[in-house]
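Asks: no sequence on this one, just coordinates:
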């Protein structure tokens, strides 16, 4: 069951009570940054060490910096809290390949998210950086797990090759909120179009449903983003 505790003006959300102490240590800045992965206007992602354990700490800065995203937090759960709930539910329903989110910490002012972060497991493994390095078998593994995610009526949202990690215990999937598909198969088609851009030739493995209107919409939106973003 999801628990919610208060500490120094912050709300801490977690399923396992051992992570409450870790959240308090992070709030108190009692952690060490080992490596920085991302630091821009949208997000801050680092590998940290707390109590001799290594984790990934992610702050969703777009919810505090962008007005439209900020307004949404008045009416809906934050992206971090949505991720914590969705991914844990999906893992309980069989998608053990998804990364494990442990806790969320939030601080609000006048109903708006002022600060939030998500703590997840750190996954040791191999990330393929160049599409030319992919073997056919590795492409099949990625396509298969993405199809399994889609069968739950869920989409990834950023299905680039960097979010699929090959470990000694199989493929792991990171950096997804695990949101439900709401508009036909638009988001799921968009996932495969994104993946095809990254690893190429996946049509030999996965058959696009090109007769669907949602595929053509996703393809058109992807081309627009490439041109103007």
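Replies: That came through, no problem. A quick note: this is a predicted structure, and the numbers were derived from the prediction, not measured.
Asks: Now do the strands in this structure.
Replies: 3-7, 10-14, 32-39, 43-50, 53-60, 101-109, 112-121, 154-155, 164-167, 170-173, 179-180 (DSSP state E).
Asks: and the longest one, how far out from the chain's middle?
Replies: What that stands for is strand 112-121. Offset of strand 112-121 from its chain centre (C-alpha atoms, centre = their mean, to the nearest Å): 13 Å.
Asks: Quick check: residue 180 touching residue 149?
Replies: No: if you go by C-beta atoms under 8 Å, residue 180 and residue 149 don't touch, sitting 11.4 Å apart. C-beta here means a position set from N, CA and C on the backbone, and glycine is covered the same way.
Asks: quick one: contacts for residue 44?
Replies: Neighbouring residues of residue 44 by C-beta atoms under 8 Å, 6 or more residues apart in numbering: 38, 58, 59, 61.
Asks: Just the buried ones from those residues, in PyMOL syntax?
Replies: The buried residues among the contacts of residue 44 can be selected in PyMOL (16 or more other C-beta atoms under 10 Å) with this line:
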select buried, resi 58+59+61
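Asks: The residue nearest to residue 161 when sequence neighbours are not counted: neighbour count?
Replies: In space, and not counting its chain neighbours, residue 161 is closest to residue 198: 4.1 Å by C-beta to C-beta, 6 or more residues apart in numbering. Residues near residue 198, counting by other C-beta atoms under 10 Å, number 18.
Asks: now do the one 5 residues further on
Replies: Residues within reach of residue 203, counting by other C-beta under 10 Å, total 11.
Asks: Cross-check the contact I'm expecting between it and residue 196.
Replies: Yes: with contact defined as C-beta under 8 Å, residue 203 counts as touching residue 196 (7.0 Å).
Asks: ok so, going back, got a list of what the residue nearest to residue 161 touches?
Replies: 131, 159, 160, 161, 162.
Asks: Among residue 180 and residue 149, which residue is more densely surrounded?
Replies: Neighbours were counted for residue 180 and for residue 149 using other C-beta under 10 Å; residue 149 has more, 22 against 10.
Asks: ok, which stretches of the protein are helices?
Replies: Secondary structure of the chain (DSSP state H): helices at 18-27, 62-65, 67-75, 79-92, 136-151, 186-199, 213-228.
Asks: what mean pLDDT would you report for the last one?
Replies: Over the span of helix 213-228, the pLDDT mean works out to 80.
Asks: Tell me how many other residues surround the nearest residue to residue 116 once chain neighbours are set aside.
Replies: Excluding the flanking residues, the one nearest residue 116 by C-beta to C-beta, 6+ apart is residue 106, at 4.4 Å. Per other C-beta under 10 Å, the neighbour tally for residue 106 reads 21.
Asks: I'd assumed residue 13 was in contact with residue 106.
Replies: Yes: using C-beta under 8 Å, residue 106 is in contact with residue 13, at 7.5 Å.
Asks: Can you check which residues contact both of the two?
Replies: residue 81.
Asks: and residue 175, how far is that from residue 157?
Replies: Going from residue 175 to residue 157 by C-beta to C-beta, to the nearest Å gives 8 Å.
Asks: In terms of neighbours, single out the busier of these two.
Replies: The residue with more neighbours, out of residue 175 and residue 157, is residue 175; 19 against 15, by other C-beta under 10 Å.
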